[in-house]
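Student: What shape does this take:
(chains A and B)
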Amino acid sequence: GQQLNQSPQSMFIQEGEDVSMNCTSSSIFNTWLWYKQDPGEGPVLLIALYKAGELTSNGRLTAQFGITRKDSFLNISASIPSDVGIYFCAGLNAGNMLTFGGGTRLMVKP
Amino acid sequence: SAVISQKPSRDICQRGTSLTIQCQVDSQVTMMFWYRQQPGQSLTLIATANQGSEATYESGFVIDKFPISRPNLTFSTLTVSNMSPEDSSIYLCSVEGGADHISYEQYFGPGTRLTVT
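Tutor: A predicted model of the protein is given here:
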């Protein structure tokens, strides 16, 4: 089946630093979604990307849909302690099935 | 986005028993999904629950183990049958589109944390 390779698996950064994470796949996706999951909660949708090359921002978050439709990245600028959590990418294929990446665990040191 | 609730939020069950998890949405949605998230892992789709038809199961998941009901456009249940410790996971329901009916975006409930002893 389809697989999404998400990296890095974890990051431990200083408050105020910028963060970058990405997902790659051998398959093409029509939609890329980025989620954040806090402990004990369900994933919360951060950004949705629908077109190859699309660059979308949501506050300090910026995500891009790769030109090849096989990759996407998420950047977080000026990180703060509440950014701590697990970030998941997810790709939607032509069959409307959502495939999740392995997640990036973000830890922020005040 | 749609507001999704799940019951129970968590449970501890004995092996061999079954647990039914409920998912309620505050608006009518066509597509509802059930996912499993094993400890420290990502999300894996169990099945798609469509109103008025049988659920569609992904590879590795079968109806006898995970029967699903979808009696209307705002509600679904997932049963975890004949549980074993390997079934200990977070079970999440999600809906596509949400209250604003923007398709392709999936919104998740808070999850049900199941521990099987």
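Student: In this structure B:Leu43 contacts B:Glu58, no?
Tutor: No - between B:Leu43 and B:Glu58 there is no contact under CB atoms under 8 Å: 11.6 Å. From N, CA and C alone the C-beta is placed, and that goes for glycine too.
Student: Who has more neighbours out of those two?
Tutor: Per other CB atoms under 10 Å in any protein chain shown, whichever of B:Leu43 and B:Glu58 has more neighbours is B:Leu43, with 26 against 16.
Student: show me the contacts for that one.
Tutor: A:43, A:88, A:100, B:35-37, B:92 (CB atoms under 8 Å, 6 or more residues apart in numbering or on different chains).
Student: which SSE is whichever residue of chain A sits closest to chain B in?
Tutor: In chain A, the residue that lies nearest chain B is A:Gly42 (3.7 Å; CB to the nearest CB). Using DSSP states H and E, A:Gly42 falls within no helix or strand.
Student: Ignoring the adjacent residues along the chain, who's closest to A:Ile21?
Tutor: Careful, residue A:21 is Met; it's not Ile. Once flanking residues are discounted, A:Met21 sits nearest to A:Thr104: 4.4 Å by CB to CB, 6 or more residues apart in numbering or on different chains.
Student: Does the one you found touch A:Phe12 like I think?
Tutor: No - if you go by CB under 8 Å, A:Thr104 and A:Phe12 don't touch, sitting 11.4 Å apart.
Student: of these two, who's got more company?
Tutor: Between A:Thr104 and A:Phe12, counted using other CB under 10 Å, A:Thr104 has the larger neighbour count: 23 against 9.
Student: Could you report the pLDDT at B:Met31?
Tutor: For B:Met31, the pLDDT comes out at 86.
Student: Spatially nearest residue to it (excluding sequence neighbours)?
Tutor: B:Glu96 (4.0 Å).
Student: Any figure for the gap between that neighbour and B:Ser89?
Tutor: B:Glu96 sits at a distance of 22 Å from B:Ser89 (criterion: CB to CB, to the nearest Å).
Student: next one: A:Tyr35
Tutor: Noted for A:Tyr35: a distance of 18 Å to B:Ser89, by CB to CB.
Student: Ok, B:Pro71 next?
Tutor: 24 Å.
Student: So for these two, which residue has more residues nearby?
Tutor: Using other CB under 10 Å, the more surrounded residue of B:Pro71 and B:Ser89 is B:Ser89, with 21 against 10.
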